[in-house]
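Visitor: From the sequence below, what's the structure:
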Amino acid sequence: MSKILNHFVAEELSDGGAPVDSRPEDGVTGSIADWIVDFDVSPYLSEPFREIWQLMQEYHLLLAVVLIGIGYGLGRLLKSIIHTLLDRFRKSTKSELDYEIAHYLTHPIHQTVFTFFLVVALATLEFPGAIEQFLIKLCITALLIFWGRAWFRATSVILQALEAERDRFHLFQPRTVPLYEMGIKLLLLGLFIYLFFIVWGIDATAWVASAGIIGIAVGFAARDTIANLISGVSIVADAPYKIGDYIVLDSGERGIVSSLGIRSTRLVTRDDVEVSIPNAVIGSAKIINESGGPWVRHRVRLPVGVAYDSDIDKVIDTLLSIAADNEKIVEQPEARVRIREFGDNSINLELLGWIRRPADRGLTIHELSVELIKRFRKEHITIPFPQRDLYIKSPSDKDSADPPQITEPDTRD
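Guide: Numbering: from 1, shown residues only. Okay, the predicted model is just below:
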């Protein structure tokens, strides 16, 4: 093969007679290209194939086409073999996630084999050195893109698999997976950018310095966005709530958390309206998580007052019966009635019951109130209300009134 590739290495004798390579070194890519174009496969071939190989070397275009075809065929064959083994592995383990991870990571193998043979084929077409280096860089860059896309997809699948096994891997929870995914993808992006610079022989020092200056300028210009990002990381790490929780902010917003992002949190209110709240606002606000605690159940309170002459045992039994008949009130913990105070006009009680979801609180209180009015009327239990009697004196009553008696103070010892 060196007979055909002599045009890539123009040897010039120096004063001491040592050969000098006229092609300039171009980083890692140049070294890879030199190794590929100088590699001689003739010693590894049998005599018939060696003669065919030497014959094909006389026709450069034909050799390039054959190499490209061989690369494509070998890539497809290797990919088919790997996928067959993966199918057997999936049937034996019945793990769909493991299959998807392996599928994403082995998919670029076809492109890798094809790219290798494509580079070898380019080396046989007698391109000038600069054009050859440029084409090789394009091929390796495309290969980096293929592998980068595969790792990006595999990262999401791997994190999903770890989240599914969160009982074993406690660090991978639904609230922390977005943070891990963003961090890993940023690292992968930085790695592939660094490899891209190496392939194209770009000095990254100036870029890093420029990125630092640009970062400071962007930090001042987008301080609100950065504050939201930092608050989003804090929310993900601290986990004051999670997706599906019913939360109430001190600013009045309330609803079910539908999305937890790095920049903002989205709530679906009782009006089925989605509200997007910046994480910086939530990070500095008082949050009431009504879905928190040992369970998601929420307790509702229904205050009521009855007349002092009411049968208190009958009142308590009636209230407990109302709670028992409501489908939204759970059986455990049991509903209870408590006397809170003796008011000016009534004995004030409170019916306490637990519901399955905080979002059902308003409807449950409405249903209990309607049923309470009906049952109290049926059982003749009076709900008192303040009454005032107004007496108006006539002028005759005022004239006939006795004058006030004024007595001297008693000054005796």
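Visitor: Could you check how far residue 186 is from residue 155?
Guide: 11 Å (CB to CB, to the nearest Å). Just so you know, the C-beta spots here come from the backbone N, C-alpha and C atoms, and that holds for glycine as well.
Visitor: Which one's more surrounded, the two?
Guide: Neighbours per residue, other CB atoms under 10 Å: of residue 186 and residue 155, the larger number sits with residue 155, 18 against 10.
Visitor: so the more buried one sits in a strand?
Guide: No - for residue 155, which was evaluated using DSSP: H, G, I helix; E, B strand; the rest coil, the result is helix, with no strand membership.
Visitor: hang on, isn't it packed against residue 184?
Guide: Yes - counting by CB atoms under 8 Å, residue 184 is a contact partner of residue 155 at 5.2 Å.
Visitor: could you pull out the strands for the stretch 201-350 of the chain?
Guide: Using DSSP state E, counting those that start in this stretch, the strands assigned to the stretch 201-350 of the chain run over residues 246-249, 254-260, 264-268, 274-278, 287-289, 298-306, 336-342, 347-355.
Visitor: tally of neighbours for residue 112?
Guide: Residue 112 has 14 neighbouring residues, counting by other CB under 10 Å.
Visitor: show me what contacts it?
Guide: Neighbouring residues of residue 112 by CB atoms under 8 Å, 6 or more residues apart in numbering: 75, 143, 146, 147.
Visitor: Now it: which helix or strand?
Guide: Per DSSP states H and E, residue 112 falls inside helix 108-123.
Visitor: Next, the buried residues of that helix.
Guide: If you call a residue buried by 16 or more other CB atoms under 10 Å, then helix 108-123 has these buried ones: 108-111, 113-123.
Visitor: how does this protein divide into domains?
Guide: Taking automatic domain parsing as the domain assignment, the record places the domains of the chain at 5-169+177-192, 203-293, 298-378.
Visitor: Export those as CSV, with columns for mean pLDDT and distance to residue 386.
Guide: As requested, the domains of the chain are arranged in CSV below (pLDDT from 0 to 100; distance: least, CB to CB, whole Å):
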stretch, mean pLDDT, distance to residue 386
domain 5-169+177-192, 70, 56
domain 203-293, 77, 32
domain 298-378, 90, 6
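Visitor: Between these, which one is closest to residue 387.
Guide: Of all the domains of the chain, it is domain 298-378 that lies closest to residue 387, at 7.8 Å by CB to CB.
Visitor: picking up where we left off before, list just the nearest of the buried residues of helix 108-123 to residue 80.
Guide: Comparing the buried residues of helix 108-123 against residue 80 with CB to CB places residue 110 closest, at 9.2 Å.
Visitor: Does the closest one touch residue 75 like I think?
Guide: Yes - Residue 110 lies in contact with residue 75 (CB under 8 Å); the separation is 3.8 Å.
Visitor: just to revisit the earlier point, which PyMOL command selects the buried ones in the contacts of residue 112?
Guide: Here is the PyMOL command that picks out the buried ones among the contacts of residue 112, judged by 16+ other CB under 10 Å:
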select buried, resi 75+143+146+147
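Visitor: among the contacts of residue 112, which are in helices?
Guide: Judged by DSSP state H, those include 75, 143, 146, 147 as members of helices.
Visitor: what comes up buried for the helix or strand hosting residue 158?
Guide: If you go by DSSP H and E, residue 158 is part of helix 129-164. In terms of neighbour count (16+ other CB under 10 Å), helix 129-164 has its buried residues at 129, 132-133, 135-137, 139-141, 143-144, 146-148, 150-159, 161-162.
Visitor: where's residue 318 relative to residue 372, distance?
Guide: If you go by CB to CB, the gap between residue 318 and residue 372 works out to 8 Å.
Visitor: Please apply the same query to residue 133.
Guide: 86 Å.
Visitor: Repeat that for residue 324.
Guide: With the distance defined as CB to CB, residue 324 ends up 13 Å from residue 372.
Visitor: cool, and residue 118?
Guide: Residue 118 sits 81 Å away from residue 372 when distances are taken as CB to CB.
Visitor: Also residue 83?
Guide: In this structure, residue 83 and residue 372 are 67 Å apart, going by CB to CB.
Visitor: contacting residues around residue 372?
Guide: When the contact criterion is CB under 8 Å, 6+ apart, the partners of residue 372 are 302, 304, 319, 322, 351.
Visitor: rewinding a little: out of the strands of the stretch 201-350 of the chain, the one nearest residue 51 is which?
Guide: In this view, the strands of the stretch 201-350 of the chain are compared for proximity to residue 51 by CB to CB, and strand 254-260 is the closest at 67.1 Å.
Visitor: Pull out the buried positions in that closest one.
Guide: Buried residues in strand 254-260 (16+ other CB under 10 Å): 254, 255, 256, 257, 260.
Visitor: Quick check: neighbours of that strand in the sheet, parallel or antiparallel?
Guide: Strand 254-260 sits in its sheet next to strand 246-249 (antiparallel), strand 264-268 (antiparallel), going by DSSP bridges.
Visitor: Out of those, flag the one nearest residue 71.
Guide: Sorting these by CB to CB, the top spot, which is the nearest, belongs to strand 264-268 at 47.9 Å.
Visitor: which residues in the stretch 151-300 of the chain form helices?
Guide: When assigned using DSSP state H, counting those that start in this stretch, the helices of the stretch 151-300 of the chain occupy the ranges 177-199, 204-221, 223-238, 279-283.
Visitor: Packed most tightly, which of these would that be?
Guide: Stretch with highest mean neighbour count among the helices of the stretch 151-300 of the chain: helix 279-283 (a mean of 20; mean count of other CB atoms under 10 Å).
Visitor: Which strands or helices does it pack on?
Guide: The elements that helix 279-283 packs onto, with contact taken as 3 or more CB pairs under 8 Å, 6 or more residues apart in numbering; DSSP states H and E, are helix 223-238, strand 264-268.
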